[in-house]
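A.B. asks: I would like the atomic coordinates for the input below:
(chains A and B)
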Amino acid sequence: AQSVTQLDSHVSVSEGTPVLLRCNYSSSYSPSLFWYVQHPNKGLQLLLKYTSAATLVKGINGFEAEFKKSETSFHLTKPSAHMSDAAEYFCVVSDREGNKLVFGAGTILRVKS
Amino acid sequence: DAGVIQSPRHEVTEMGQEVTLRCKPISGHDYLFWYRQTMMRGLELLIYFNNNVPIDDSGMPEDRFSAKMPNASFSTLKIQPSEPRDSAVYFCASSFWRLNTGELFFGEGSRLTVL
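C.D. replies: Prediction:
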């Protein structure tokens, strides 16, 4: 079965410094991978998705992620953190049929001024 | 479009009471999902519908939970009787495409507290 593991439950960065949120996946097929963001008391919103096209995926708000099959990783990065980036981030994989999403446990990003 | 609309946003009830959560998906979306989010278990898929038909309800915790989708623009999740361990945020989400290519659009959630 497919699964994702988010390696950090909390990440703290200073405003203006780079962000790295780590995600490893496990899948018996070529997966579709996503990052979703959840701001406090809000629903989840899609940041970006990988669906077997370019391995470097660009998303909204300056985020990007790179699919690395050899490392089974899909880490999320941003060159410079902004206060508004403080939220919880979920790495997600879809099942083979595309009917379900499997969510990671989430990483809470804190941005210090 | 207004997005996925859920009601109520907050519900506080006593153990044993019936709870009904409501969802209006985005117009034109064929898939509707109900998720539950807790600190302990994270995001769990409860049930999903395709074209108003329940496809997979294997995530529904027990018989106290039921979900319906009488038409393309409305779905309910009912808990009867409610228990304190049902306290969670319940999200409704909808999508147009299959999820390996498309985006899942979430509502803002219904926060349920069972005393």
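A.B. asks: From now on I want contacts and neighbour counts done on CA atoms only, so please keep to that.
C.D. replies: Fine.
A.B. asks: shaky segments in chain B?
C.D. replies: Scanning chain B for pLDDT under 70 picks out the ranges B:1, B:100-101.
A.B. asks: Near chain A, which residues of it are found?
C.D. replies: Within chain B, the positions near chain A by CA under 8 Å from any CA of the partner chain are B:42-43, B:91, B:98-101, B:103-109.
A.B. asks: change it to 6 Å
C.D. replies: B:42, B:98-100, B:106-108 (CA under 6 Å from any CA of the partner chain).
A.B. asks: Select from these the one having the most neighbours.
C.D. replies: residue B:106 (26 neighbours; other CA atoms under 10 Å in any protein chain shown).
A.B. asks: rewinding a little: format the residues of chain B next to chain A as a markdown table; extra columns: secondary structure and distance to residue B:4.
C.D. replies: Converted to a markdown table, those look like this (DSSP: H, G, I helix; E, B strand; the rest coil; distance: CA to CA, whole Å):
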| residue | secondary structure | distance to residue B:4 |
| --- | --- | --- |
| B:42 | strand | 21 |
| B:98 | coil | 17 |
| B:99 | coil | 17 |
| B:100 | coil | 20 |
| B:106 | strand | 6 |
| B:107 | coil | 5 |
| B:108 | coil | 8 |
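A.B. asks: ok, the residue nearest the centre of chain B - contacts?
C.D. replies: The centre of chain B sits closest to residue B:34, judged by CA atoms, centre = their mean, with a distance of 3.0 Å. By CA atoms under 6 Å, 6 or more residues apart in numbering or on different chains, residue B:34 lies in contact with B:46-47, B:91-92.
A.B. asks: In ChimeraX, how would I select the buried members of the residues you listed?
C.D. replies: Selecting only the buried entries of the contacts of residue B:34 in ChimeraX, with 16 or more other CA atoms under 10 Å in any protein chain shown as the criterion:
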select /B:46,47,91,92
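A.B. asks: Of the contacts of residue B:34, which belong to helices?
C.D. replies: Judged by DSSP state H, the contacts of residue B:34 include no members of helices.
A.B. asks: Chain A: which of the contacts of residue B:34 is nearest?
C.D. replies: In terms of CA to the nearest CA, no member of the contacts of residue B:34 lies closer to chain A than residue B:91, at 7.3 Å.
A.B. asks: Can you pull the phi/psi pair for residue A:84?
C.D. replies: Here is the backbone geometry of residue A:84 (degrees, to the nearest 10): phi -70, psi -10.
A.B. asks: and the gap between it and residue A:65?
C.D. replies: Separation of residue A:84 from residue A:65 (CA to CA, to the nearest Å): 19 Å.
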